[in-house]
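Engineer: okay, predicted coordinates and the sequence, questions at the end:
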Amino acid sequence: MHSPGSSPHDGPSSSLATPSKRKPVGAATGIHSRQNSGNPPPGPDHKRAKLTNPFDRGVSRMSKVLGKRPEIVDQTKSTSFQPCKGAKKLVIKNLRAAPQGDDLERYYNVTKEGLIDALQSIFDQKQPRQPLERLYRGVEDLCRHGASKELYEALQERCEAYLKNDLFRSIVAEANSSSINTLRSTYKHWVIWNSQSTIIRSIFSYLDRSFLLRSKDSLQINDMAITLFRRTVFLSSPSGPNPGAKSLAGMCDLVDYDRRGDTRFDTALLRDSISMLNVLNIYGKSFEPRFLKASKSYFEEFAEEQSTTSLKSYISSCEKLLAREDYRCTAYNFDSTTKRQLMESAHTILVQNYSEKLLDGGSIGKLLDENAVESMKALYDLLRLSGIQKQLRQPWEEYIKEAGSAIVNDTSRGDEMVVRLLEFRRSLDLMIRDAFNRDDEFTYSMRQAFGSFINDRKVQSSWKTGTSKVGEMIAKYIDMLLRGGLKTLPKSLLSDVKDRVDAEQSGQASTGDEDAELDRQLDHALELFRFIEGKDVFEAFYKQDLARRLLMGRSASADAERSMLAKLKNECGSNFTHNLEQMFRDQQIARDEMTSYKAWCEGNGHAMKDLDLNVNILSAAAWPTYPDTQLVLPDNIANQIEHFEKYYINKHTGRRLTWKHSLANCVVKARFKKGAKELLVSAYQAVVLTFFNTIEYNSTGFIAYNAISTATGLTGPDLDRTLQSLACGKYRVLTKHPKGRDVNPSDTFTINNAFADPKYRVKINQVQLKETKEENQETHERVAQDRQFECQAAIVRIMKSRKTMTHANLVAEVINQTKTRGAIEPAEIKKNIEKLIEKDYLEREGSSYTYLA
């Protein structure tokens, strides 16, 4: 480390002057020097006696040790203090003479040569011969001398010459013909140049801070180093190919290797090369366009190759490709604008250009049939990123209509219709939740599609009922739920973990609770009910099923019954549930009536001993209509019924009781060889069984079909169903001869004394709970007839308020007012208008109708 006043060389006898005004290191002034032989300043305070006596010297030393002055000092004796004697002047050695002009110029030249020599050493990757601080001081001296610009130009010239000659040739020599090797060589020499420029910048930092910081025409040393490297390697080529262009091609090749899974891919080289381009500031202008162009070509090739595969495979391939592209841009420090443009290009080529394949209805239908949630989620994400996810609604809606219509029109599996529809709806809900991110537009499309195929006219024609078959099946499904509970449902309809979490987050009861899960399943059934336009069919069948559950005590939960009634009331209004609520009230009234009757019997000595009679009194207007049947009852039962009827008529004057034995049920005690049993049977079954107690077997031991019919009063289908349930069903308490599934008038029957069952009470009255084809058809016909009456009533109401209307307007208004009860064809409306004209309610005037008061 040299001082400004010394030579750049280390010789001790140099006589060169220094231009620096700083004081030489080690120079002293007379004021601050102290000599042992010098005279002290005059004054009495500075006189000190000379101690010649050895004793006194000992005392003095002792006093110093003890920190005390001697008590007696002899001032008369001579001392060593002699004023006005000693050195009379101060001599300063090595005083330099004033510098001469020639010596100063020679110093600057030598300094410049030393700096140039240091640069060459740095370029040769060697340590400069002079210390870096001495070189730094030389740069400072030159800058203070006013040679900053000259020094900068010399530095720039030397750096540029080194880059164009040595470094450039070295890059080309190591690169060979491979673009990857060229990139590797370019980055290697960039690292070398970067370390060299760092040393140069440290030596010339004074030039950087003093001259270049304020200069508008000259770059700072760091910027100059970057610019020269960029200009030499990437922007110009003295001879042969441009290594910069090949390096950029090598970077694109590295990306291509990664895309194709080539083992030649070098992760570190790609990451470091991206950083190099960012430092050189050529990433956006040179690399990005080339990279995006190469990527576009690759995407087009990839899409064309994958387009021949299935939709599921294409979606999976695109998803993986986009994930890899996104990861690469992030992992290797690609610019955010590059990533955005790259992903936009990929979406355009892979998604928008192949949207027909992605939105193909048949292919999407296969994915939905397979319940491929992951593939549908990937498809939705692809379309969403390209902004065309709404186009997925059309094939989604078409698939729902097609699949739903197939379920509803399947006449061979009518009993499974609602379960299949709910499973189908469940799968669609899960698809919306897990694949479509709960997109409300797809939920709306699903509802539109359900409403379309459920109310399709072709559905009614395939079932040949003339009314809504779906409404009937929904009513029967709800009846199954309310009779059997959750055990009647397939597991696919039950709630999963996500449903329970959603229920808890929304403040509802957890679906893990059985009652809450049953309530949820009823809600799902009501969702299908909402799509139905003809709700009168549902009302008719629901009323019949409710009557059976109430009269036979088959409801699984009274709370569930009341909850369902409240849901229907909230959905359709009080008019819809008025009769249903009356049925529940009748049940309570009947229980009170029987309590009063039994108390009256006990008070009058008519207590029932052998027979426990329970009568349900129903209001005919609220309950379904049932046919009257003739039944020959056993004497004890007939007497009890007659006794109750007298009591009731005396209590309620003006009322008339009509007995509906088809709805009655009872418990019959039977004794078989293997033990006694209690048989829970219908009234028809009980009459047939008790008949065997009152007759004597003929010589062959069999009772004929006609004999049973005569004794019980049952005929036709009622007798056939009753005998079939007793002799051909699961529990065969009678034996039919000959054996078979059908009952014929020529058959004979006997008691099956070998009947056995592990249960003491055996239910055989299941036949009562089943609806016959005739009853089903009668219900549909009754609903259709009621629609005609409702149509006529709507026409009269409309014309009474409007007085005059055209045919088209009247038909449209009638359809609008009756659509909630059931859709009516315009042809049927026209027939009802003609009937009202015949009854003088309306009058035709041209194409209009006039109301007649």
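Structural biologist: The structure has been received and is ready for your questions.

Engineer: just checking, what packs against whatever helix or strand T198 lives in?
Structural biologist: Assigning secondary structure by DSSP states H and E places T198 in helix 179-203. Helices and strands touching helix 179-203, by 3 or more Cβ pairs under 8 Å, 6 or more residues apart in numbering; DSSP states H and E, are helix 101-123, helix 132-145, helix 148-162, helix 168-175, helix 221-229, helix 243-260, helix 267-280. (C-beta placed from N, C-alpha, C; glycine too.)

Engineer: now with 7 Å?
Structural biologist: helix 101-123, helix 132-145, helix 168-175, helix 221-229, helix 243-260, helix 267-280 (3 or more Cβ pairs under 7 Å, 6 or more residues apart in numbering; DSSP states H and E).

Engineer: list of residues touching the following helix or strand past the last one?
Structural biologist: What that stands for is helix 267-280. The C-terminal neighbour of helix 267-280 among helices and strands, as given by DSSP H and E, is helix 288-306. Applying Cβ atoms under 7 Å, 6 or more residues apart in numbering, the contact partners of helix 288-306 are 248, 252, 255-256, 259, 314, 317, 321, 338, 341-342, 345-346, 349-350, 353-354.

Engineer: what about 6 Å?
Structural biologist: 248, 252, 314, 317, 338, 341-342, 345-346, 349-350, 354 (Cβ atoms under 6 Å, 6 or more residues apart in numbering).

Engineer: which one of these sits closest to D223?
Structural biologist: D223 has its nearest neighbour among the contacts of helix 288-306 in L248, at 21.9 Å by Cβ to Cβ.

Engineer: list the contacts for that closest one?
Structural biologist: 286-287, 290.

Engineer: sketch out the low-pLDDT regions of the stretch 551-700 of the chain for me.
Structural biologist: 606-609, 696-700 (pLDDT under 70).

Engineer: please enumerate the strands of it.
Structural biologist: 665-672, 675-682 (DSSP state E, counting those that start in this stretch).

Engineer: mind giving me a markdown table with the ones you listed and columns for distance to A566 and mean neighbour count?
Structural biologist: As requested, the strands of the stretch 551-700 of the chain are exported to a markdown table (distance: least, Cβ to Cβ, whole Å; neighbours: other Cβ atoms under 10 Å):
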| stretch | distance to A566 | mean neighbour count |
| --- | --- | --- |
| strand 665-672 | 28 | 14 |
| strand 675-682 | 31 | 18 |
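
Engineer: report the rounded mean pLDDT for stretch 273-284.
Structural biologist: Averaging pLDDT along stretch 273-284 yields 92.

Engineer: what about it, distance to the chain center?
Structural biologist: How far stretch 273-284 lies from its chain's middle: 39 Å, per Cα atoms, centre = their mean, to the nearest Å.

Engineer: mind listing what's buried in it?
Structural biologist: Judged by neighbour count (16 or more other Cβ atoms under 10 Å), stretch 273-284 contains these buried residues: 273-274, 276-277, 280, 282-283.

Engineer: ok, stretch 257-265 next?
Structural biologist: Going by neighbour count (16+ other Cβ under 10 Å), the buried part of stretch 257-265 is 257-259, 265.

Engineer: now swap in stretch 388-396 and tell me
Structural biologist: Under 16+ other Cβ under 10 Å, the buried positions of stretch 388-396 are 388-389, 392-393, 395-396.

Engineer: equivalent analysis for stretch 397-408, please.
Structural biologist: 397-400, 403-405, 407-408.

Engineer: so which of those residues are in strands?
Structural biologist: Among the buried residues of stretch 397-408, no residue falls in strands (DSSP state E).

Engineer: could you save the residues you listed as a markdown table and add columns showing distance to L611 and pLDDT?
Structural biologist: Compiled in a markdown table, those are given as follows (distance: Cβ to Cβ, whole Å; pLDDT from 0 to 100):
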| residue | distance to L611 | pLDDT |
| --- | --- | --- |
| E397 | 62 | 92 |
| E398 | 64 | 92 |
| Y399 | 61 | 93 |
| I400 | 58 | 94 |
| A403 | 56 | 92 |
| G404 | 53 | 91 |
| S405 | 55 | 90 |
| I407 | 50 | 91 |
| V408 | 49 | 89 |
